[in-house]
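Visitor: Generate coordinates for the sequence data below:
(one chain, ligands or ions: 2)
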Amino acid sequence: AQAQAKGPFVPAQADYQKVYDAIAQRLADETDYDDGSYGPVLVRLAWHASGTYDKETGTGGSNGATMRFAPESDHGANAGLKAARDFLEPIKAQFPWISYSDLWTLGGACAIQELSGPTIPWRPGREDRDVSACTPDGRLPDAAKDQRHVRDIFSRMGFDDREMVALIGAHALGRCHTDRSGYDGPWNFSPTVFTNEFFRLLVEEKWNQKKWNGPTQFTDKSTGTLMMLPTDMALIKDKNFKKHVERYAKDSDAFFKEFSDVFVKLLELGVPFKTDERFVFKTSDSE
Ligand code: HEM
Ligand SMILES: Nc1cccc2nccn12
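Guide: Ligands and ions are numbered 1, 2, ... in the order given. Okay, the predicted model is just below:
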């Protein structure tokens, strides 16, 4: 009989779980980086690839992976993210059928789960676009500014106050780099474990301006080993942000649940999905 002509390969959940597992394995193997994990910088890549969205014009967002191209790759806010894009290149080579747009957001979801954070349900369907879809500079937040700026940037994406505070809780992870943003990121808590520590420290520590010749940033009075950005401090200066900071500082379960919902929303900004079915990937320590 005529051999059945094979139709196009349509990846299923099991195929995306294989990509998840390959990223998780690479995270486990590549520990000679920063505080021992590429996880935090993968989260930042997924966030910066999605946070360019403008709800009024429908431009930007995670559909396109246009940070592959200058000028977007060279925007100041994206300094250092080549490390995350390069980390994912071998995964793209192993699974050429996945778009960069899907790979980068899957990398962010995988990193949160592998760093003991909440599960991040994830949908495929993003399509890579060319350099003409690059967004202008200035779509991402400037750490030197205040609460008005934080609200301008995140409401442009479509987030309310509670969602903005939850999202910035990702600053429990990783560090700042003087050769990237210019900020100095000593952080002696658990930069490779997702927790509500960022909020607990914001409300429980006394914060003083750091005495150095770098950009304005804050350090904790008791040990001088922690740091906060001016936009981090804005979250306790503004009373409507502060009430969420205090809630998340006291209730880690609430933070985990609300972070998961808002991170899913962030990673799906600007994507004309064909399906509303999301996958929940098995975390490596669960197998
Ligand atoms: C007001 C909003 C925000 C501002 C101004 C901001 C700014 C920054 C800056 C300046 C750094 C240091 C970059 C470096 O020098 O390597 C950083 C790191 C980081 N940010 Fe944010 N950020 C914001 C919101 C977010 C959000 C919404 C997420 C994710 C949901 C996020 C995740 C991260 C992570 C994981 C790191 C550590 C990266 C690493 O260790 O390499 N940030 N952020
Ligand atoms: N780890 C980290 C990264 C970026 C911002 C920030 N603020 C406090 C901690 N933190």
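
Visitor: residues from this protein in reach of ligand 1?
Guide: Proximity of the chain to ligand 1 (CB under 6 Å from any ligand atom) is limited to residues 34, 40-41, 43-44, 47, 80, 141, 143, 150, 167-168, 170-171, 173-177, 180-181, 183, 229, 231, 263. The C-beta positions use only the backbone N, C-alpha and C, and glycine is treated the same way.

Visitor: Please, a ChimeraX command that selects the buried ones among these?
Guide: Buried members of these, defined by 16 or more other CB atoms under 10 Å, are picked up in ChimeraX with:
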select :34,40,41,43,44,47,141,143,150,167,168,170,171,173,174,175,176,177,180,181,183,229,231,263
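
Visitor: Sort out for me which of the residues of the chain next to ligand 1 are in helices.
Guide: Among the residues of the chain next to ligand 1, the members falling in helices (DSSP state H) are 40, 41, 43, 44, 47, 150, 167, 168, 231, 263.

Visitor: Now narrow those to whatever sits close to ligand 2.
Guide: Of these, not one also sits near ligand 2 (CB under 6 Å from any ligand atom).

Visitor: Redo those as TSV? Include pLDDT.
Guide: Output for these, formatted as TSV (pLDDT from 0 to 100):
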residue	pLDDT
40	98
41	98
43	98
44	98
47	98
150	98
167	98
168	98
231	98
263	99
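
Visitor: What is the most widely separated pair among the residues you listed?
Guide: 41 and 150 (21.8 Å; CB to CB).

Visitor: which non-adjacent residue is nearest the residue in the chain positioned nearest to ligand 1?
Guide: Closest to ligand 1 within the chain is residue 174: 2.1 Å, counting by CB to the nearest ligand atom. Excluding its sequence neighbours, the residue lying closest to residue 174 (CB to CB, 6 or more residues apart in numbering) is residue 40, at 2.8 Å.

Visitor: Ok, residue 203 next?
Guide: Closest to residue 203 by CB to CB, 6+ apart is residue 249, at 4.8 Å.

Visitor: Hmm, the one you found is touching residue 195, no?
Guide: No: at 10.9 Å, residue 249 does not count as touching residue 195 under the criterion of CB atoms under 8 Å.

Visitor: Return the residues in contact with residue 120.
Guide: For residue 120, the contacting residues are 108, 109, 112, 113, 260, 263, 264, 267, by CB atoms under 8 Å, 6 or more residues apart in numbering.

Visitor: just residue 271 next, same as before
Guide: 61, 62, 63, 101, 123, 125, 126.

Visitor: From what I see, the fourth one and residue 128 are in contact.
Guide: Yes: Residue 101 is in contact with residue 128 according to CB under 8 Å; the separation is 5.5 Å.

Visitor: who touches both of the two?
Guide: Residues touching both residue 101 and residue 128 by CB under 8 Å, 6+ apart: 64, 65.
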